[in-house]
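Q: Next come a sequence and a model predicted from it.
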Amino acid sequence: MAKNLATDMAPPFILVAHYFIAGAIFYTFSAFLLPFYANEVNGYFLSSSIASLMHLYLLGFVMMTIFGAMYQLVPVVLEIPIFSKDFAYIQFYMFVCGILIFTFGLWDENYTQILPYGAILMYVSMLIFVANVFLTYRNIIRWDIVAKFIFVSNLFLFIGVTIGFIIALNLVYGFYPDVVKLVQMHIATTIFGYVIMTIMGIGMILLPMFSLSHGFKQTAIEMALYTIIIGLLFFMAGILLNISLLKFGGVIFTTFAIFAALYQMYLIFSTRIRKQNDFWAKNMMASFATLIISFCILAVGIITKNDTLYLLFGFTLFFGFFTFFVVGHIYKILPFLVWYQRYSPLVGKLKVPMLNDMIHEKVADTQFWITLAGLILAIGAISFKTPLVFQVGTMIMGIGTLLVIYNIYYTLIYGIDELENYYKENPSS
Amino acid sequence: MAITEEMVYDAIKTVIDPEVGFDIYSLGLIYGAKIDGDHVRVTMTLSTRGCPLHEMMKQWTKEAVEKIDGVNRCEVEIVWEPAWNVTMASDEVKKALGAL
């Protein structure tokens, strides 16, 4: 009976594992490509090879992991099963193929003609995801703040990937000259409208759950929801209508929303009961610190019109905020999934491990400090335009990535031998 | 032998929250147990509404109680009011979590 109850709501472990493992592989891949981009620190130049790396990292690691986590979290948060698990598998394979073809086509000028094929695969795969989420919403009972965030962020994902698809086609067929406008809208809707809004929304479940926080008000996050929607709509209207004031208003509203959400996270952390600064808590603190730093850099960049600062903003946001937030949650969600699959049927029959036991704490701790040290070096290298230091910093970050991979492996194989013996001795279990 | 609340709570103490590492009774998640002959009705909560262990916790509690001699059926209801907070946990849990 336990198994029936579990599968009614939660997706099979193997489905989410697909996304997490692929995410980890793309993470490693992009981390090891980073040192080869050292010369880019000499000047801000949005080349197609940078765009290729950014897509590899954002789609392959950040969004891949988010999609996997959403298949686990959406049913739990909305208290309804996901519309279709089959859709999720189809999406996964299309998404992986799409990323590989698309990023390769973007990276190597000689293969630009394959780019639209990758783009169409990715586009359809994300449409499947969005459709799966919206069809799940048909049966929603409770529209709480998290449900609202997930819904709106998926609307922005739809808009963002549609624009992205148009950009990809335009890159090859060149039918629209003002591509910068499209790129700006694509970045705003996918990064801020989808990734950051999703993080804000699921953060309202994950942070209180893992820190055991209670009794905090939600006014700040509610303000964040409405202001980020207004901000993004203003920003896009400003671009489409060529009204700088609207665009600037959009940036102000969006920045306000992010700081409102950060204030909400602070409220959650200040009421937390679990005071241990374990690997998860450290990753969360580093993620929010790098988010604040990146926006301070952006503000100075806008005021001084300094291109290096835009590069620094993007780097700190991607490799600071996103990395720490996603890695911190991989350390929480993956052990849960493995535990759920492997140990939950044995509760009461066998001494089962705690979730934290399924992560090698020392490795996770070392990984955190190594990644932080590498990131600081790389940020310094971009600031002072020193490619060699950038190479060293990103190589150190690469070592951190390997330690994440080790911990993922550690979790995936945790207890296999012990359980094999148990099932041999208790074949009826 | 008549089933007592103490017997029910002792059984529930075998259910451990794998994230926090304490049993759900000491965490203060159990709001009450009503015994009607061989039928037990447990009212409990969870520390977070979006807890992925929602169904499992309910199931483990039910199974633990149904192991008691004389219990024929156990129903578990999850409620959200009053919302759980750490003051509901035992002193040992509060101390371990750093809340005391």
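A: Great, that's in hand.
Q: I'd assumed residue A:247 was in contact with residue A:239.
A: Yes: under the criterion of C-beta atoms under 8 Å, residue A:239 makes contact with residue A:247 at 6.2 Å. Where you see a C-beta, it was placed from the backbone N, CA and C, and this is true even at glycine.
Q: Dump stretch A:419-427 to CSV, restricted to CA.
A: Taking C-alpha atoms only, stretch A:419-427 is exported to CSV below (Å, rounded to 0.1, in the frame of the first residue of the first chain):
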residue,chain,number,x,y,z
LEU,A,419,20.6,-3.9,1.1
GLU,A,420,21.7,-6.7,-1.2
ASN,A,421,22.7,-8.7,1.8
TYR,A,422,19.4,-7.8,3.5
TYR,A,423,17.3,-8.9,0.6
LYS,A,424,19.3,-12.2,0.3
GLU,A,425,18.6,-12.9,4.0
ASN,A,426,15.0,-11.7,3.8
PRO,A,427,13.7,-12.6,0.3
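Q: Quick one: mean pLDDT over it.
A: In this model, stretch A:419-427 has a mean pLDDT of 84.
Q: Tell me the gap between it and the middle of its chain.
A: Here stretch A:419-427 is found 38 Å from its chain centre; the criterion is C-alpha atoms, centre = their mean, to the nearest Å.
Q: which residues make contact with it from outside it?
A: Contacts to stretch A:419-427, defined as C-beta atoms under 8 Å, 6 or more residues apart in numbering or on different chains, come from residues A:342, A:346, A:349, A:350, A:429.
Q: again, but for stretch A:371-380
A: Taking contacts as C-beta under 8 Å, 6+ apart, the residues outside stretch A:371-380 that touch it are A:34, A:286, A:290, A:312, A:315-316, A:319-320, A:323-324, A:327, A:386, A:389-390, A:392-401.
Q: Would you mark the buried spots in it?
A: Neighbour-count burial for stretch A:371-380 flags A:371, A:372, A:374, A:375, A:377, A:378, A:379 (criterion: 16 or more other C-beta atoms under 10 Å in any protein chain shown).
Q: Could you find which two of those are furthest from each other?
A: Within the buried residues of stretch A:371-380, A:371 and A:379 form the most distant pair, 12.3 Å apart (C-beta to C-beta).
Q: Buried ones only from the contacts of stretch A:371-380, please, as a PyMOL command.
A: Listed next is the PyMOL selection for buried residues among these, using 16+ other C-beta under 10 Å:
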select buried, chain A and resi 34+286+290+312+315+316+319+320+323+324+327+386+389+390+392+393+394+395+396+397+398+400+401
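Q: Restricted to helices, list the contacts of stretch A:371-380.
A: For those, the ones inside helices are A:286, A:290, A:312, A:315-316, A:323-324, A:327, A:389-390, A:392-401, with DSSP state H as the criterion.
Q: which ones are touching residue 64?
A: No chain specified, so I'll use chain A. Applying C-beta under 8 Å, 6+ apart, we find residue A:64 in contact with A:19, A:22, A:23, A:26, A:95, A:99.
Q: My question was about chain B, not that one.
A: Residue B:64 is in contact with A:348, B:11, B:12, B:14, B:15, counting by C-beta under 8 Å, 6+ apart.
Q: Please identify the buried residues of the helix or strand hosting it?
A: The secondary structure element spanning residue B:64 is helix B:54-66 (assigned by DSSP states H and E). Within helix B:54-66, the residues scored as buried using 16+ other C-beta under 10 Å are B:54, B:55, B:56, B:57, B:58, B:59, B:60, B:61, B:62, B:63, B:64, B:65.
Q: swap in stretch A:93-108?
A: The neighbour-count check on stretch A:93-108 (16+ other C-beta under 10 Å) flags A:94, A:95, A:96, A:98, A:99, A:100, A:101, A:102, A:103, A:105, A:106, A:107 as buried.
Q: Lowest pLDDT pick from the contacts of residue B:64?
A: pLDDT across these is at its lowest for residue A:348, which sits at 72.
Q: I'd like to know how far that one sits from residue B:13.
A: Between residue A:348 and residue B:13 the distance, using C-beta to C-beta, to the nearest Å, works out to 12 Å.
Q: pLDDT-wise, which helix or strand of chain A ranks last?
A: When the helices and strands of chain A are compared on mean pLDDT, DSSP states H and E, helix A:2-9 comes out lowest with a mean of 45.
Q: Now do the helices in chain B.
A: Under DSSP H, chain B gives helices at B:5-12, B:54-66, B:91-97.
Q: Switch those helices over to TSV; also include distance to residue A:360.
A: What follows is the helices of chain B, written out as TSV (distance: least, C-beta to C-beta, whole Å):
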stretch	distance to residue A:360
helix B:5-12	32
helix B:54-66	25
helix B:91-97	22
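Q: In the stretch 251-400 of chain A, what residue lies closest to chain B?
A: Nearest residue of the stretch 251-400 of chain A to chain B, counting by C-beta to the nearest C-beta: residue A:275, 3.6 Å away.
Q: Please look at that residue and residue B:100 and confirm they touch.
A: No: using C-beta under 8 Å, residue A:275 and residue B:100 do not qualify as a contacting pair, with a distance of 11.0 Å.
Q: got a pLDDT number for residue A:29?
A: pLDDT, read off for residue A:29, is 93.
Q: how many other residues sit next to it?
A: For residue A:29, the tally of surrounding residues (other C-beta atoms under 10 Å in any protein chain shown) stands at 17.
Q: where do the strands sit along chain B?
A: Assigned by DSSP state E, chain B shows strands spanning B:30-36, B:39-44, B:73-78.
Q: Mind checking these for the one nearest to chain A?
A: Evaluated over the strands of chain B, closeness to chain A peaks at strand B:73-78, with 10.8 Å, by C-beta to the nearest C-beta.
Q: Name every strand pairing with that closest one and say which way it goes.
A: Counting by DSSP bridges, the strands paired with strand B:73-78 are strand B:39-44 (parallel).
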